[in-house]
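Asks: I'd like to go over a predicted model; first the sequence, then the structure.
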Amino acid sequence: MKNIAILGSTGSIGTQTLDIVDQNKEDLQVVALAAGSNITLLEKQARKYRPTLVAVWDQACAKELKENLKDTEISVVSGMDGLLAVATHPASEILVTAIVGMLGIRPTIAAIEAGKDIALANKETLVTAGHIIMPLAKKCGVSILPVDSEHSAIFQSLQGNAHNKIKKILLTASGGPFRGKTYEELEHVTLEDALKHPNWSMGKKITIDSATMVNKGLEVMEAKWLFGVKPSQIEVVVHPQSILHSAVMYEDGAVIGQMGTPDMRLPILYALFYPNRRMLYAEELDLFKVGSLTFERPDRETFYGLSLAYDALDAGGNVPTVFNAANERAVAKFLDGKISFIEIPEIIAASMEEIYYKEDPTLEEILDTEAATYEYIESRW
Ligand SMILES: NC(=O)C1=CN([C@@H]2O[C@H](COP(=O)(O)OP(=O)(O)OC[C@H]3O[C@@H](n4cnc5c(N)ncnc54)[C@H](OP(=O)(O)O)[C@@H]3O)[C@@H](O)[C@H]2O)C=CC1
Ligand SMILES: CC(=O)[C@@H](O)[C@H](O)COP(=O)(O)O
Ligand SMILES: [Mn+2]
């Protein structure tokens, strides 16, 4: 039996993780869950999976849930202390990080320090604090197991092959709902259009990131930290069918990739049971139905958020944090109807110009950079 804790259990990755628990009842036990404010679903999950601890970010919601669960033995906590308690729950062996944004940094670090393996979906944490998290995981002897579909595909493609023989990583991208559009056409797209991802059903923030292709930029940075490759070794390949989830090209020219239906439950299952493979009860890939797989170069001029990510990686220091924080705030504003779609990369670019540079930032300096970026954006947009 493996004990798991989940940060973000009510979201897209969180609920799919619980589906994997349902499919593996004899081998997985949920010991702690955390969510933001959706206490209706969290209460249902708590009653079904019987964790000993649940956390709700919002204090008033936590109070209400505590009252609702008073007929049980389940403890209810709130705020950052709540997330930290879930992340470090004494009985858990692996933490699934399925919350959105760099809010995940502190709980992820705390879990690593407490010796928990990490099934990492929360890419923003590695983008901003990869230089802290990867060495810390090594020091603490814990594994960082990728959940992001492309990184899971790369991880699977690396099994049994020497990492120093990698020529390059072929990081696939769907191209999002606006693939093929001109910049002028992007000026008029709506929130509703941007939320229509062609292949994946995901939370709102990552769906917008896919539409701007900032998601692919974040994934380039994530790949750098997970696989120790140089940015120049990571090539983004637009593959509109989302069947090849990414591949590794080795020095001898062999390209080894992982294919499958667009279903996040496979990477979640692989991370939870690594190095073993388990049965997944899901639709099987039918190559005859897919028919053909196509590949294109990304349009890095129209979707220049992707180019900004490479610039942020080249600049190093706290610049990836500025990139990420600016994107988080810009996407929140776009979701609130306060800015247009094309203002998202504009805000990222302006923030990268404006915010001070800090080499090798500590955790505190990363959080200060986030605050400075937010302050700048609020003063202008
Ligand atoms: N969805 C996908 O297919 C993929 C997602 N990812 C990454 O995984 C992460 C999660 O994405 P996704 O599942 O789509 O996101 P969702 O928006 O669907 O879910 C977010 C989860 O985080 C919770 N949450 C939000 N704010 C807080 C908070 N302050 N404290 C505690 N919990 C909070 C939400 O709770 P509540 O419901 O109460 O708001 C919800 O459970 C992201 O980093 C994303 O980039 C990576 C690859 C694929
Ligand atoms: C499912 C997953 O891993 C997402 O990150 C997905 O890749 C987003 O699609 P894009 O390729 O359009 O960014
Ligand atoms: Mn992905």
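Replies: Sure, I can see it. All figures in this text were calculated on a predicted structure; none of them were measured in a lab. Residues are numbered from 1 along each chain as shown. Ligands and ions are numbered 1, 2, ... in the order given.

Asks: Next up, identify which helix or strand T128 is on.
Replies: helix 123-140 (DSSP states H and E).

Asks: Quick one: mean pLDDT over that helix.
Replies: Mean pLDDT, helix 123-140: 98.

Asks: If you count contacts, what does that helix end up packed against?
Replies: Contacts defined by 3 or more C-beta pairs under 8 Å, 6 or more residues apart in numbering; DSSP states H and E place helix 123-140 against helix 105-113, strand 144-146, helix 214-227, helix 319-335, helix 363-380. Where you see a C-beta, it was placed from the backbone N, CA and C, and this is true even at glycine.

Asks: Now do the buried residues in that helix.
Replies: Of the residues in helix 123-140, 123-134, 136-137 count as buried by neighbour count, 16 or more other C-beta atoms under 10 Å.

Asks: residues near S201, how many?
Replies: Number of residues near S201 (other C-beta atoms under 10 Å) recorded here: 11.

Asks: Could you do P198 as well?
Replies: Applying other C-beta under 10 Å, we find 15 other residues in the vicinity of P198.

Asks: give the contact list for it.
Replies: S174, G175, G176, P177, R179, P240, S242 (C-beta atoms under 8 Å, 6 or more residues apart in numbering).

Asks: Out of these, which two sit at the greatest distance?
Replies: Taking C-beta to C-beta as the measure, these span a maximum distance of 12.6 Å, between P177 and S242.

Asks: Alongside ligand 2, which residues does this structure contribute?
Replies: D148, S149, E150, A173, S174, G176, W200, I206, S210, N215, K216, M264 (C-beta under 6 Å from any ligand atom).

Asks: and F155, what is it in contact with?
Replies: F155 touches L145, P146, L226, F227, Y270, counting by C-beta under 8 Å, 6+ apart.

Asks: For the second one, list the residues it contacts.
Replies: Applying C-beta under 8 Å, 6+ apart to P146 gives the contacts L120, S152, I154, F155, E222, L226, P267, A271.

Asks: And it, how far from E343?
Replies: Separation of P146 from E343 (C-beta to C-beta, to the nearest Å): 31 Å.

Asks: Report how many residues lie close to whichever residue of the chain sits closest to ligand 3.
Replies: Nearest residue of the chain to ligand 3, counting by C-beta to the ion: D148, 4.3 Å away. Using other C-beta under 10 Å, D148 is surrounded by 27 other residues.

Asks: contacting residues for the closest residue to it other than its chain neighbours?
Replies: Leaving aside its sequence neighbours, D148 sits nearest to K123 (C-beta to C-beta, 6 or more residues apart in numbering; 5.7 Å). Applying C-beta under 8 Å, 6+ apart to K123 gives the contacts D148, L218, E219, E222.
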